[in-house]
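Chemist: missing the sequence, but the structure's below:
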């Protein structure tokens, strides 16, 4: 068995290197202004992609009824009501 933390760190490093090459302005914002909306969104995506890539497969691809209920509750809370309801939410 390998070291999951080391693999996850490498995954993040390779992803950031890709961003540095392909989107240098966004990469710079990640370092200098991570609260900028696009930089924040990129950090969230990179983080969750790295976590999801190394999660063990412990369930079926389709959520159970209970999981669907919980995901619905999370989605309702995530919509603060300040704008139109989103048509979809990020699924990790």
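Modeler: Good, I have the coordinates. This structure is a prediction, so every number in the text was calculated from the model and none was measured.
Chemist: what secondary structure does residue 62 sit in?
Modeler: coil (DSSP: H, G, I helix; E, B strand; the rest coil).
Chemist: Can you check the pLDDT for it?
Modeler: pLDDT for residue 62: 77.
Chemist: Look up which helix or strand residue 35 falls in, please.
Modeler: In this structure, residue 35 sits in neither a helix nor a strand according to DSSP states H and E.
Chemist: where does the protein dip in pLDDT?
Modeler: By pLDDT under 70, the low-scoring segments of the chain are 1, 56-59, 77-92.
Chemist: So in it, which helix runs the longest?
Modeler: Longest helix in the chain, counting residues (DSSP state H): helix 4-22.
Chemist: what's the angle from the next helix or strand after that one to helix 4-22?
Modeler: Using DSSP H and E, the helix or strand that directly follows helix 4-22 along the chain is helix 24-32. Orientation check (axes from the mean of the first three to the mean of the last three Cα atoms, to 10 degrees): helix 24-32 against helix 4-22 gives 130 degrees.
Chemist: How many residues are close by residue 42?
Modeler: Neighbourhood size, residue 42 [other Cβ atoms under 10 Å]: 20. Using the backbone N, CA and C atoms, a C-beta is placed for each residue, glycine as well.
Chemist: So it sits against residue 28, correct?
Modeler: No: Residue 42 lies out of contact with residue 28 (Cβ atoms under 8 Å); the separation is 11.5 Å.
Chemist: neighbouring contacts of the helix or strand where residue 45 lies?
Modeler: Applying DSSP H and E as the criterion places residue 45 in helix 37-53. Outside helix 37-53, the residues that touch it by Cβ atoms under 8 Å, 6 or more residues apart in numbering are 8, 11-12, 15-16, 19, 26, 29-30, 33-34, 90, 92.
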